[in-house]
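In: quick one: sequence plus predicted model below, questions after.
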Amino acid sequence: MSKVTPITSPAHFHTLTSSSTYTIVDFHATWCGPCKVIAPIFEQLATAETKPGKIVFCKVDVDEQREVAGRYGVSAMPTFLILKGGSVKETVRGANATQLRTAVLSAAADAAKVPAKSSAGTFSGKGQSLGATTTPDGTTNGSRYVPAPSLPNFGAMLSSPATFAQGSGFPQTAVRFLGLYFTSLFSLDPEAAARESPFALQRGGGGGSGSRVGSVR
């Protein structure tokens, strides 16, 4: 599969040059004899040196992409441009294989020194658990999302405090304590009153009676 990308529009050309550090461009024409002679060498260089994000190769048919050719003032074929970003770093005119190879290898050596560009629209990076934090050295502490504690059901607590007190948790325990306290406070037999109170903790199992609750004074 060829490593040389045929340019189909000015927008396509812009996208390609923006996605790589270096773009090697072959401006050619179908009727150009020298273009056909050097084309295999350009293909060989593209196969050997293409590195996505660092250096890519493309060809522009000057008759089909006049806007792209006109932007760089191309008037003779073949013309090879070494672009870094959108700027021309070197120009090779004519089917000069030696000069073309030297220019491409120089660009490839320079491209190897810098990080590859990311493709447009692509996001890279490690995932992070919700709630994790990033330390100054770029690592995460691995913490996970911990949901906030739920609030007590105040409606159930107010409408049926004795039933609410049968649940587990601090709010239920507090209601149960207060209910038993006031039940035994005004009773002549605090222990019996606490045992029979609807606030006493009921435990199921075998039809037995609820657990005994000591008096609260």
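Out: That came through, no problem.
In: show me which positions of stretch 74-94 end up buried.
Out: Using 16 or more other C-beta atoms under 10 Å as the test for burial, stretch 74-94 gives 74, 77, 78, 79, 80, 81, 82, 83, 84, 90, 92. All C-beta atoms are positioned from the backbone trio N, CA, C, and that covers glycine.
In: go through these and say which is closest to residue 107.
Out: For those, the residue nearest residue 107 by C-beta to C-beta is residue 82; the value is 5.1 Å.
In: against which helices or strands is the host helix or strand of the closest one packed?
Out: In this structure, residue 82 is located in strand 79-84 according to DSSP states H and E. The elements that strand 79-84 packs onto, with contact taken as 3 or more C-beta pairs under 8 Å, 6 or more residues apart in numbering; DSSP states H and E, are strand 22-28, strand 87-93, helix 97-111.
In: in JSON lines, list those along with distance to residue 195 and mean pLDDT.
Out: Output for the helices and strands packed on strand 79-84, formatted as JSON lines (distance: least, C-beta to C-beta, whole Å; pLDDT from 0 to 100):
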{"stretch": "strand 22-28", "distance to residue 195": "88", "mean pLDDT": "97"}
{"stretch": "strand 87-93", "distance to residue 195": "91", "mean pLDDT": "95"}
{"stretch": "helix 97-111", "distance to residue 195": "85", "mean pLDDT": "95"}
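In: each with direction, which strands does the strand holding residue 82 pair with?
Out: strand 22-28 (antiparallel), strand 87-93 (antiparallel) (DSSP bridges).
In: what's it in contact with?
Out: Identification of contacts with strand 79-84 by C-beta atoms under 8 Å, 6 or more residues apart in numbering yields 17, 21-27, 42, 72, 88-93, 100, 103-104, 106-107, 110.
In: export only the CA atoms of it, formatted as PDB.
Out: Output of strand 79-84 as PDB, limited to C-alpha atoms (Å, rounded to 0.1, in the frame of the first residue of the first chain):
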ATOM      1  CA  THR A  79       8.600  20.500  -7.700                       C
ATOM      2  CA  PHE A  80       9.100  19.000  -4.200                       C
ATOM      3  CA  LEU A  81       8.400  21.100  -1.100                       C
ATOM      4  CA  ILE A  82       9.600  20.200   2.400                       C
ATOM      5  CA  LEU A  83       7.000  21.800   4.700                       C
ATOM      6  CA  LYS A  84       7.300  22.100   8.400                       C
END
